[in-house]
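K.L.:
Quick one: sequence plus predicted model below, questions after.
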Amino acid sequence: MGRARALLDAGRTVPDVIEGADADTLYALRAELPAYLVARHTKPQGLAGAEFTEPDPARVVHTVERALADRLPTEQSAALHARLNLDAIKPGLRETLAGPRREVDGTVDQQAAPLSAA
């Protein structure tokens with residue numbers, strides 16, 4: 001991340017650095033960028049820090065991984081794209097499958113369970 005860090009320290013934006021990065025740099029960014037951004041986003045002192053929240057690195061990591069998927073060989077790219085797409089639907093999918101999973105587990109509340117069509 002040496003070159004990327006220099007670019008970020010010089011004022012380049014994260015999206016600009018990601019856009020111009022090769023696969024090796026993107027691997028480094030994926031590993032180190034979240035900590036770098038947290039270090040640059042320090043908690044203000046006093047009352048200004050009352051509503052401070054740590055930055056969430058998930059979005060920037062996702063952006064790095066999308067860029068990485070575009071630069072990898074076909075097979076690896078397809079696998080990473082599939083994982084990223086699955087990650088995007090996983091929260092909804094988990095909720096969708098929760099009901100049937102409870103029925104299979106036997107943990108469904110029969111009083112609250114919807115009536116099945118006959």
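P.N.:
Thanks, I have it. Computed from a predicted model, the values in this text were never measured in an experiment.
K.L.:
only C-alpha atoms for contact and neighbour calcs from this point on.
P.N.:
OK.
K.L.:
and Asp24, what does it touch?
P.N.:
Not one residue lies near Asp24 by Cα atoms under 8 Å, 6 or more residues apart in numbering.
K.L.:
10 Å - rerun?
P.N.:
1, 30, 68, 71 (Cα atoms under 10 Å, 6 or more residues apart in numbering).
K.L.:
out of the residues you listed, which one sits closest to Pro55?
P.N.:
Arg30 (15.2 Å; Cα to Cα).
K.L.:
Let's see the pLDDT reported for the residue nearest to the closest one when sequence neighbours are not counted.
P.N.:
With sequence-adjacent residues excluded and distances taken as Cα to Cα, 6 or more residues apart in numbering, Arg30 is closest to Val61, at 5.7 Å. Val61 is assigned 92 on the pLDDT scale.
K.L.:
and Val61, what element?
P.N.:
helix 58-71 (DSSP states H and E).
K.L.:
That helix - contacts with which helices or strands?
P.N.:
Applying 3 or more Cα pairs under 10 Å, 6 or more residues apart in numbering; DSSP states H and E, we find helix 58-71 packed against helix 14-19, helix 23-40, helix 74-105.
K.L.:
Can you report how many residues neighbour Glu51?
P.N.:
8 (other Cα atoms under 10 Å).
K.L.:
That one: which element?
P.N.:
Glu51 belongs to no helix or strand, assigned by DSSP H and E.
K.L.:
sorry, back to before: which of the contacts of Asp24 ranks first by neighbour count?
P.N.:
Neighbour max across those (other Cα under 10 Å) = Leu68, 24 neighbours.
K.L.:
what's the angle from the helix or strand of the chain with the lowest mean pLDDT to helix 58-71?
P.N.:
Of the helices and strands making up the chain, the lowest-confidence element is helix 74-105, at a mean of 80, by mean pLDDT, DSSP states H and E. Going by axes from the mean of the first three to the mean of the last three Cα atoms, to 10 degrees, helix 74-105 is angled at 130 degrees with respect to helix 58-71.
K.L.:
Report all helices and strands that helix 74-105 contacts.
P.N.:
Counting by 3+ Cα pairs under 10 Å, 6+ apart, helix 74-105 packs on helix 58-71.
K.L.:
In the helix it packs on, which residues are buried?
P.N.:
For helix 58-71, the neighbour count (16 or more other Cα atoms under 10 Å) marks 60-61, 63-69, 71 as buried.
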